[in-house]
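> sequence and predicted structure, then a few things I'm wondering about:
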Amino acid sequence: MLRLCGYNPLPMQNLSVSQVQPIRWQDNRLFLLDQRLLPAQEVELDFSDAPGVAGAIRDMVVRGAPAIGITAAYGVVLSAIQHATRQPGAWLEAVQKDIGILLESRPTAINLHWALARMSRLVQAVDRKNPVPELLREAITIHDEDRAANLRMAVYGAALLPSKATVLTHCNTGALATGGYGTALGVIRRAHAEGRLEHVYASETRPWLQGARLTAWELAKERIPVSLLVEGAAASLMQSGRIDWVIVGADRIVANGDVANKIGTYSLAVAARHHGVKFMVVAPTSTFDMNLARGGDIPIEHRPVEEITRIIQQNYQHVTGWNPVFDVTPAELIDAIVTERGVVEYPAEGGVRQLLSGSSSAAL
Ligand code: MRU
C-alpha cells in the first residue's frame, strides 16, 4: 500500500542541525573532516582539485550517500576554479573530465550520480567566462536542500514510532553522512528531542566500524542513550523483544522499492520480519534510481579484501576474503520508506513510482 503523509502535519521547531560538520567550504577550498580517524582525532583535510576529492571519497575520508553527493558537487566547483582560471576559453572539457573522475569514485550510492548530473547540466549552461559563482551557488543549494530534507524526514519518521521507542540502527546515517542532521539518525535525533526515545542500539558495522566509531560518537555527543553491539548479536536482541523498529538509511532505492544499503542491512531485515519487528528506511529522494527496475540491477561495491583480512594477515597470509560493502533488502521486508516528500508504507505493494511522480507530488 502506498500512503503519502500530508506535508507539514507536525511542528518543525526545536530541530537544530547537529554541530558535527563533515563538509565545509571556505576561501575556495573544500574542507573534509577525516572520518577514518574518528573518534580518536578530529582532523580536517583540505582540497583544491577534483581528483583529490575523488580520492577522498574512494578512500572513505567522507562517506555516506548524501555526503558523497554533496562533496562531489563541491569537487566540480574546485575543478571550475582550477581550469577556468588557467584556461579561460577551454575549461569545459577539463571540468567534464573531472566529473568523470568523480563519478568513478564509488559505484553504489546514486546520490553521487544525482549530484554530478545536476552540476553537469549547469556546467553546460553556465556563463562560459565566469562559471564559478553559479556552480558554487548550486553546490551550496545541494548541501542546503539535503539538510532541509533531513529535517522533514526526521519529523515523518519519528511520527511512526511508539512512545518510549527502542530502536536498532546500522552503519552511520547521521550528520557525518549527510548535509547535517541525518536520515535514519535524524529520525532518532528527532524522536529523542520529542522525548519519545527510550534507547538506541547501534551495530558496530564491520569492517569500517561506522556504527562504533561514528554513530556512537554522534549520539554520545548529544547524550542520546546508545548501546553498541556486534552485528552477530542483532537477531538475538530482536528475539529478546526489546526492539520496536530497525531504522536504516539507503545508498540506492530502485523502482520496485528494493533498497541497497550497508552490508548487513538485509540480515537485519530478515531477522526483523522473523521477530515481528518493524523495518524503516529513511532516505531523501536524491537516493532513488527510477532507471533500475529491481535491486538485483544495483552495482554493489566490493572493497579490497585486506579491509577484512589485515587483522590476521601476519598469521595466515594465504587467507583471502569476500568484501561486498552493500547488500540489497527486498521491498517486501520493508514496512516504511521515509522521504522528505512523504512516507511509502509497504513499498512492495505499490512501488515508489507514485511518490516520485508529478501526479502525487501535488498531494504532498
Ligand atoms: O560505506 P559507507 O559508510 O559510505 O556506507 C554508508 C551507508 O551505507 C549508509 O547507510 C547510507 O549511505 C545512508 S547515509 C545517510
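Now that the structure is in, tell me what you want to look at.
> alpha carbons only for contacts and neighbour counts from here, please
Noted.
> what about Ala72, helix or strand, and which?
helix 65-86 (DSSP states H and E).
> gap between that helix and the chain center?
19 Å (C-alpha atoms, centre = their mean, to the nearest Å).
> is any part of it close to the ligand?
Yes - counting by C-alpha under 6 Å from any ligand atom, contacts between helix 65-86 and the ligand involve 65-66.
> leaving out sequence neighbours, find the closest residue to Leu136.
Nearest residue to Leu136, sequence neighbours excluded (C-alpha to C-alpha, 6 or more residues apart in numbering): Val77, at 5.8 Å.
> brain fart, Asp144
Gly179 (6.8 Å).
> who are the contact partners of the one you found?
23, 66-67, 70, 143-147, 150 (C-alpha atoms under 8 Å, 6 or more residues apart in numbering).
> ok, now with 10 Å
17-18, 21-23, 66-71, 142-150 (C-alpha atoms under 10 Å, 6 or more residues apart in numbering).
> measure it to Arg223 for me?
Applying C-alpha to C-alpha, to the nearest Å, the value for Gly179 to Arg223 is 21 Å.
> buried stuff in stretch 309-323?
For stretch 309-323, the neighbour count (16 or more other C-alpha atoms under 10 Å) marks 309, 323 as buried.
> close to the ligand, is that stretch?
No - shown here: stretch 309-323 not in contact with the ligand (C-alpha under 6 Å from any ligand atom), separated by at least 11.5 Å.
> ok, back up a step: quick check: the residue nearest to Leu136 vs the ligand, distance?
22 Å (C-alpha to the nearest ligand atom, to the nearest Å).
> next: Trp91.
31 Å.
> again with Phe326
From Phe326 to the ligand the distance is 7 Å (C-alpha to the nearest ligand atom).
> just give the number of residues close to that residue.
23 (other C-alpha atoms under 10 Å).
> now swap in His83 and tell me
Neighbours around His83, by other C-alpha under 10 Å: 19.
> so it touches Glu93, yeah?
Yes - using C-alpha atoms under 10 Å, His83 is in contact with Glu93, at 9.3 Å.
> roughly how far out does the helix or strand immediately after the helix holding Ala72 in the chain sit from the chain middle?
Sequence order places helix 91-103 as the next helix or strand after helix 65-86, per DSSP H and E. In terms of C-alpha atoms, centre = their mean, the centre of helix 91-103 is found 24 Å from the chain centre.
> now stretch 102-115
The answer for stretch 102-115 is 12 Å, by C-alpha atoms, centre = their mean.
> is it positioned near the ligand?
No - for stretch 102-115 and the ligand, the contact criterion (C-alpha under 6 Å from any ligand atom) is not met; the two come no nearer than 6.7 Å.
> and the end-to-end length of that stretch?
End to end - C-alpha to C-alpha - stretch 102-115 spans 11 Å.
> pLDDT on it, on average?
Averaging pLDDT along stretch 102-115 gives 98.
> return the residues of the stretch 101-250 of the chain in contact with the ligand.
171-173, 177-178, 182-183, 249-250.
> the residue nearest to Leu136 touches Val95, doesn't it?
Yes - shown here, Val77 and Val95 form a contact pair, counting by C-alpha under 10 Å, at 8.9 Å.
> now for the two: what residues contact both?
With C-alpha under 10 Å, 6+ apart, Val77 and Val95 have common neighbours 50, 83, 123.
> mind listing what the first one touches?
When the contact criterion is C-alpha under 10 Å, 6+ apart, the partners of Ala50 are 56, 71-80, 82, 95, 97-99, 101-102.
> go on, the last one?
Remark: with contacts taken as C-alpha under 10 Å, 6+ apart, Val123 is in contact with 76-77, 80, 92, 95-96, 117, 131-132, 134-135.
> go on, Arg58?
52, 68, 102, 104-107, 303.
> just the buried residues out of those residues, in PyMOL syntax.
Filtering the contacts of Arg58 down to the buried ones (16+ other C-alpha under 10 Å) takes a single PyMOL command:
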select buried, resi 52+68+102+105+106+107
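> how far away is the residue lying closest to Trp322 once chain neighbours are set aside from the ligand?
Leaving aside its chain neighbours, Trp322 sits nearest to Val305 (6.1 Å; criterion: C-alpha to C-alpha, 6+ apart). Val305 is 14 Å from the ligand, where distance means C-alpha to the nearest ligand atom.
> ramachandran angles for Val305?
phi -70, psi -20 (degrees, to the nearest 10).
> surely it meets Ile312?
No - look at Val305 against Ile312 with C-alpha under 10 Å: they stay out of range, at 11.9 Å.
> give me the distance between Val20 and Arg190.
Counting by C-alpha to C-alpha - Val20 and Arg190 are separated by 16 Å.
> er, Ala336 I mean
Taking C-alpha to C-alpha, one finds Ala336 at 17 Å from Arg190.
> again with Thr183
10 Å.
> just the pLDDT at the residue of the stretch 201-350 of the chain found nearest the ligand, thanks.
Here the residue of the stretch 201-350 of the chain nearest the ligand is Lys262; by C-alpha to the nearest ligand atom that distance is 3.6 Å. Predicted confidence (pLDDT) for Lys262: 98.
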